[in-house]
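A.B. asks: Sequence first, then the predicted structure:
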Amino acid sequence: MNDGRILDIQGLKVHFATDDGMVRAVDGVDIGIDRGETVSVVGESGCGKTVTAMTILKLIAMPPGRIVAGRILWQGRDLVPMGPEQMRSIRAKEIGFVFQEPMTSLNPVYTVGSQIAEAIREHEGLSRRAALDHAAEMLRLVNIPNPSRRVHDYPHQFSGGMRQRVMIAMALSCSPKLLIADEPTTALDVTIQAQILDLLDEMKQRLGMAVLLITHAMGVVAETAQRVVVMYAGKVVEEAPVAALFARPRHPYTQGLIRSIPRLDMAATEHRRLEAIPGTVPSLLHPPAGCRFAARCRHAVEACRAEEPALRELGPGHKAACIRADEIA
Amino acid sequence: MTQYLVRRLIIAIPSLLGISVILFTVLALAPGDPFEELATNPAIPPDVRANLRASLGLDDPIHVRYLSWLLAMLRGEWGFSFVSRSPVADLILQRLPTTIAVIGAAQLLALAIALPVGIYAATRPYSIFDQIANTLAFVGFSLPTFFTGLLFILLFSIYLDWLPFVFRTQIDATGWRWWWEQLRQSIMPVLVLGLFQGAAWTRFVRSAVLDVIRLDHVTTARSKGISESAVTMRHVVRNAMIPVVTLVALQMPAVFGGAIVTEQIFRVPGIGSLLISAILANDTPVIMGVTFVFACLVVFFNLVADVLYGWLDPRISYR
């Protein structure tokens, strides 16, 4: 294993007990992030990417959720067996988290300054005044105009994009070594999306932290990540450096994802329909035997349904879980 | 803020006037006559009675009578009880402290039960504690106060003989003994009212907290690494209090109404029993006075609710 790994998730399985049975939301996931690296996890809704991210800081509801197996090594220490007190010292201080919905992720009854200051006071032991000054400093860092006045404003006085900036300021306030951003741009306008991605990149350059970016947009991946992990139905199906992934995707699911990106350079005269992946994600209550993507895969053969394909190395740093990877790409 | 309060108080004037018009009309339509006893007295001829009525303005049209009543009220002359001949204002002022003490203590008890139990139950939904609390709350607010009141009297006053079952105004004691007696006789009415109210509020607090606890911003708070109790108190309870304040403040008038029953059972000489006896005796000035005090309380607690709102929720501004 790589010693530079700041976070190493190994064989993680997170299951949720529901009335209908056990939902295997995350079913054996390995993700590693190096110091200062940006790793992007992509996949469609319900593939387990958000659960994976939330599990790192144990922010999923337990119960009904449960970490069934696996290790989450944070700088060599396993987070899975850690108690609530130890987890608190990791949250915000070492790993910051930016959520998907800026409109609902801030508490409406406190000023944004006090909400940012809360984490600072908790971890840095600053006084109320000093923490508030630091909060204003953080707002300035994320390019919010008039920060010393804005710290006294309430969330409803900010627009969606500004709130996401506040969330980023909050997540970065204790200078974490890793920032997890769970679909940070999904709820925003396209122009604001680009601004937020630029901001994340800028923060990363300045503060030198690693970033785990959860997204379902391939465009976002291409723009920001160095390495990509593609998830499907609770499993990693492909992992590769970003250039290699776009140049030669090996898993049929990844190929489908890339083909379904609308392209400006596609001649309008061709009148081709935008490609979509047929079918829907399988139920995680009773995942199908064999390859979970087989039912939607145009290359599926009998052998695909017989046995679950393992991730195997196909090139430098490029792994895919498809038995036909060599034939189809 | 001050401007807002002043404006709210000015808005309250038309509603109070409206209430008084309705009250006055209803009572004027009600059967009964303050000179009824004169009618049955053979020593007084009917024309004397008629003259008396005319001289007191009782034969005037209703709007004239209302206006003269209103002017007198504004001057602070609340009239005299037909029964006891004492001024209505004095009667109310005599009774009000007892009612406020008993009801206030009951409401404090109700909050002291509902807040911790509701919050604790909501943070551990469907746990044993939650289920027991829910069951007891259900039983608590399913039993009417007149029934629990009688049960309490039966148990604590008759079988166990621990507490007096009639509330006395005159206690022949001074100093701490007076306080002790006062406390002993207040226990049952306070318990009956407080437990009933507390049971209903427990369920309300629980559901309000449950609504907030699954919101996104609570997860955000948790991701900051603050302790679970800080998450609950600062980020859950504070937000959950907004609907609770509405309920509590708006229920206050209803509580005074409910207290009437309790006051009757325990013979608490409060404003509620004053109203009941006044209604039974057709004592119009007292009825008017007491109901008007109730109306003012309604308006007052509405105002309190609005002010607390703005304090709890910065999205509401006083404009």
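C.D. replies: Structure's in. What do you need? Numbers count the residues shown, from 1 in each chain, chains lettered A, B, ... in the order given.
A.B. asks: Phi first, then psi, for the residue in the stretch 151-300 of chain A that chain B sits nearest to.
C.D. replies: Scanning the stretch 151-300 of chain A for the residue nearest chain B gives A:Y154, at 4.8 Å (criterion: C-beta to the nearest C-beta). Any C-beta I mention is one placed from the backbone N, CA and C, and that applies to glycine too. Here is the backbone geometry of A:Y154 (degrees, to the nearest 10): phi -90, psi 160.
A.B. asks: Three-state assignment for the residue lying closest to it once chain neighbours are set aside, please.
C.D. replies: Of all residues not flanking A:Y154 in the chain, B:P314 sits nearest, at 4.8 Å (C-beta to C-beta, 6 or more residues apart in numbering or on different chains). Here B:P314 is coil, with the state taken from DSSP: H, G, I helix; E, B strand; the rest coil.
A.B. asks: Can you tell me the element residue 300 falls in?
C.D. replies: Looking at chain A here, since you left the chain open. Of the helices and strands defined by DSSP states H and E, none includes A:A300.
A.B. asks: meant chain B, my bad for not saying
C.D. replies: B:F300 belongs to helix B:284-312, assigned by DSSP H and E.
A.B. asks: hang on, A:I144 packs against A:R165?
C.D. replies: Yes: if you go by C-beta atoms under 8 Å, A:I144 and A:R165 touch, sitting 5.6 Å apart.
A.B. asks: Neighbour count for these two, which is higher?
C.D. replies: Set side by side, A:I144 and A:R165 show more neighbours around A:R165, with 24 against 19, by other C-beta atoms under 10 Å in any protein chain shown.
A.B. asks: and the nearest residue to that one once chain neighbours are set aside, how far is that from chain B?
C.D. replies: Nearest in space to A:R165, with sequence neighbours left out and distances taken as C-beta to C-beta, 6+ apart, is A:V142 at 4.3 Å. Going from A:V142 to chain B by C-beta to the nearest C-beta, to the nearest Å gives 16 Å.
A.B. asks: residue contacts, A:V142?
C.D. replies: The contact partners of A:V142, by C-beta atoms under 8 Å, 6 or more residues apart in numbering or on different chains, come to A:165-166, A:168-169, A:172, A:199, A:203.
A.B. asks: if you set the cut-off to 7 Å instead, what comes out?
C.D. replies: Residues near A:V142 by C-beta atoms under 7 Å, 6 or more residues apart in numbering or on different chains: A:165, A:168-169, A:199.
A.B. asks: next one: A:R324
C.D. replies: A:H299.
A.B. asks: returning to that earlier point: can you tell me which residues contact the residue of the stretch 151-300 of chain A closest to chain B?
C.D. replies: A:108, A:111, B:314-315.
A.B. asks: Just among those residues, which is most surrounded?
C.D. replies: Top of the contacts of A:Y154 by neighbour count (other C-beta under 10 Å): A:T111, with 20 neighbours.
A.B. asks: Might one say that that residue is in contact with A:R149?
C.D. replies: No: A:T111 is beyond contact range of A:R149, at 11.1 Å (criterion: C-beta atoms under 7 Å).
A.B. asks: Can you tell me which residues in the stretch 101-250 of chain A are near chain B?
C.D. replies: Proximity of the stretch 101-250 of chain A to chain B, by C-beta under 7 Å from any C-beta of the partner chain, involves residues A:101, A:104-109, A:118-119, A:122-123, A:154, A:156.
A.B. asks: let's see 6 Å
C.D. replies: A:101, A:104-109, A:118-119, A:122, A:154, A:156 (C-beta under 6 Å from any C-beta of the partner chain).
A.B. asks: Just send the residues you listed back as JSON lines, with secondary structure, distance to A:G4 and pLDDT too.
C.D. replies: What follows is these, written out as JSON lines (DSSP: H, G, I helix; E, B strand; the rest coil; distance: C-beta to C-beta, whole Å; pLDDT from 0 to 100):
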{"residue": "A:E101", "secondary structure": "coil", "distance to A:G4": "33", "pLDDT": "87"}
{"residue": "A:T104", "secondary structure": "coil", "distance to A:G4": "36", "pLDDT": "90"}
{"residue": "A:S105", "secondary structure": "coil", "distance to A:G4": "31", "pLDDT": "92"}
{"residue": "A:L106", "secondary structure": "coil", "distance to A:G4": "35", "pLDDT": "92"}
{"residue": "A:N107", "secondary structure": "coil", "distance to A:G4": "37", "pLDDT": "92"}
{"residue": "A:P108", "secondary structure": "coil", "distance to A:G4": "41", "pLDDT": "91"}
{"residue": "A:V109", "secondary structure": "coil", "distance to A:G4": "43", "pLDDT": "90"}
{"residue": "A:E118", "secondary structure": "helix", "distance to A:G4": "32", "pLDDT": "91"}
{"residue": "A:A119", "secondary structure": "helix", "distance to A:G4": "27", "pLDDT": "90"}
{"residue": "A:E122", "secondary structure": "helix", "distance to A:G4": "29", "pLDDT": "87"}
{"residue": "A:Y154", "secondary structure": "coil", "distance to A:G4": "42", "pLDDT": "92"}
{"residue": "A:H156", "secondary structure": "helix", "distance to A:G4": "43", "pLDDT": "91"}
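A.B. asks: Among those, name the buried ones.
C.D. replies: For those, a burial check counting by 16 or more other C-beta atoms under 10 Å in any protein chain shown picks out A:101, A:104-109, A:118-119, A:122, A:154.
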